[in-house]
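everything below, folded, please.
(one chain, ligands or ions: 1)
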Amino acid sequence: MSFASDRLREEISEIIFLDQHCHAPLRLDGPLDPLTLRAAFTESTDPQVQEQDVTGTTGYRMMIRWLAGLLGADPTESAVLTARSTYDVADYYRLLADDARLGPLFNDFLFQHELAYTSAEWSELTGRPVRELMRIETLAEQLAGEHSSWESFRQAFSQALVSSISTGGCGFKSIAAYRTGLQVQPVDAATASAAFDDYRSELDQSGGERVRLARKPLIDALIWETLEVAAELQLPLQFHVALGDDDVYLPTSNPVLLRAIFREPRYRQVPIVLLHCYPFVREAAYLTSIYPNVYIDLGLTVPLAGSNCAALIAEALGVAPLHKILASSDGHAVPEFQWFAARLWRAALTEVLSTNVERYMMTDREAIEAAAMILHANSERLYPGTK
Ligand SMILES: [Zn+2]
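Take a look at the predicted model:
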């Protein structure tokens with residue numbers, strides 16, 4: 001280890017981690033079992049991958065070793081789980097949050113929300129402020145049944161976005177990548193209305209069951225509506241990009257497909273935050289260098305890319321302006337995911353930035369400033385009222 005990396009490691013370990021995209025963990029009855037822990041560390045829904053492949057990844061192995069260090073256990077999955085089971089839930093959450101030096105948490109709370117802690121409960125467990133992000137496709141699914149026309153639905157949707165912010169929310173999130181792809185096109189009112197009517201008849205036939213919204217004109221129209229509200233309130237819209245389960249079709253979740261949004265002058269003041277990005281890290285970094293309102297966040301890629309996280313951060317850092325790189329964990333299911341992501345973000349940033357210092361490409365001071373920008377300051381600037 002070099003002097004530069006020792007110095008930076010110490011400084012960067014003190015910087016708080018504002019998690020600008022994450023999900024409250026699941027309520028568990030009883031001790032955590034190995035399969036639930038493993039399943040959290042893959043995007044695959046295939047039981048064989050969850051059971052047999054995860055333990056072969058560098059990220060999972062590192063997580064077990066680091067967690068063993070924190071809990072004073074042997075570095076094996078079973079020893080770590082045994083040590084974990086001796087903790088009270090609240091003490092364990094606080095231990096991980098403090099060790100990861102978590103700052104405010106931005107909760108995309110409509111993901112698995114029936115099974116997860118509420119934002120208030122999660123805030124209590126971690127001792128951190130939790131702000132909410134509104135997942136627009138799920139909101140639309142919840143509201144559609146109450147409206148018989150596109151126009152009344154559209155107005156209710158916009159009002160719900162506004163009130164999510166007035167009740168403490170801090171931004172919006174789209175999972176279009178999971179549903180109909182990122183090639184979002186302008187939609188005229190007649191097309192949106194026809195797509196809404198089709199979705200409504202699907203809903204009527206379902207007998208009150210929730211119906212997965214996957215009609216492209218309707219999702220596209222809702223994204224433009226959201227941009228309108230986001231422009232008015234000057235708040236970011238996050239997009240899930242690529243890396244995800246087999247619902248994501250990679251060719252249609254490339255961020256370059258968002259071009260119609262990037263090129264729309266009306267929304268040039270709306271920060272567009274590209275989340276995860278793997279394997280399109282280069283494309284996303286490139287987009288931040290071309291459009292004034294595009295931001296990149298490698299959460300979820302960190303930690304799933306394990307020993308390759310530093311290389312991916314270096315890839316982004318070479319092209320993206322420093323003030324347009326954000327950090328998150330995409331933590332979900334178990335608190336270990338967020339904890340490990342925060343620790344790995346700092347370790348990977350230390351590696352990348354100290355290499356830059358050693359090569360005389362950055363001063364120490366610039367490196368530490370860059371880490372602080374990425375780990376919290378950029379998000380504090382982008383999301384009003386979070387500092
Ligand atoms: Zn997420």
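
surely residue 89 meets residue 122?
No - taking CB atoms under 8 Å as the definition, residue 89 is not a contact partner of residue 122, at 11.5 Å. For glycine as for every other residue, the C-beta is placed from the backbone atoms N, C-alpha and C.

shaky segments in the stretch 251-387 of the chain?
Under the criterion of pLDDT under 70, the regions of the stretch 251-387 of the chain flagged as low confidence span 387.

measure residue 20 to residue 275 for me?
Look at residue 20 and residue 275: by CB to CB, to the nearest Å, they are 9 Å apart.

with just CA atoms, put stretch 35-44 into PDB.
What follows is the C-alpha trace of stretch 35-44 in PDB, where atoms were taken according to Å, rounded to 0.1, in the frame of the first residue of the first chain:
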ATOM      1  CA  LEU A  35     -30.700 -18.400   0.800                       C
ATOM      2  CA  THR A  36     -32.300 -15.100   1.600                       C
ATOM      3  CA  LEU A  37     -28.900 -13.500   2.100                       C
ATOM      4  CA  ARG A  38     -27.600 -15.000  -1.200                       C
ATOM      5  CA  ALA A  39     -30.700 -14.000  -3.100                       C
ATOM      6  CA  ALA A  40     -30.200 -10.400  -2.200                       C
ATOM      7  CA  PHE A  41     -26.800 -10.400  -3.900                       C
ATOM      8  CA  THR A  42     -27.900 -11.300  -7.400                       C
ATOM      9  CA  GLU A  43     -30.500  -9.800  -9.800                       C
ATOM     10  CA  SER A  44     -31.300 -13.300 -11.000                       C
END
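
in the stretch 1-150 of the chain, which spans are helices?
In the stretch 1-150 of the chain, the helices defined using DSSP state H, counting those that start in this stretch lie at 3-13, 34-40, 47-48, 58-71, 77-85, 89-99, 119-126, 136-144, 150-166.

in a markdown table: these, plus mean pLDDT and mean neighbour count.
Shown next, in a markdown table, are the helices of the stretch 1-150 of the chain (pLDDT from 0 to 100; neighbours: other CB atoms under 10 Å):
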| stretch | mean pLDDT | mean neighbour count |
| --- | --- | --- |
| helix 3-13 | 89 | 16 |
| helix 34-40 | 97 | 18 |
| helix 47-48 | 96 | 9 |
| helix 58-71 | 98 | 18 |
| helix 77-85 | 98 | 16 |
| helix 89-99 | 97 | 17 |
| helix 119-126 | 98 | 18 |
| helix 136-144 | 97 | 20 |
| helix 150-166 | 98 | 17 |
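
and for the closest residue in space to residue 104 that isn't next to it in sequence, the neighbour number?
Nearest residue to residue 104, sequence neighbours excluded (CB to CB, 6 or more residues apart in numbering): residue 129, at 4.6 Å. Residues lying near residue 129 (other CB atoms under 10 Å) number 14.
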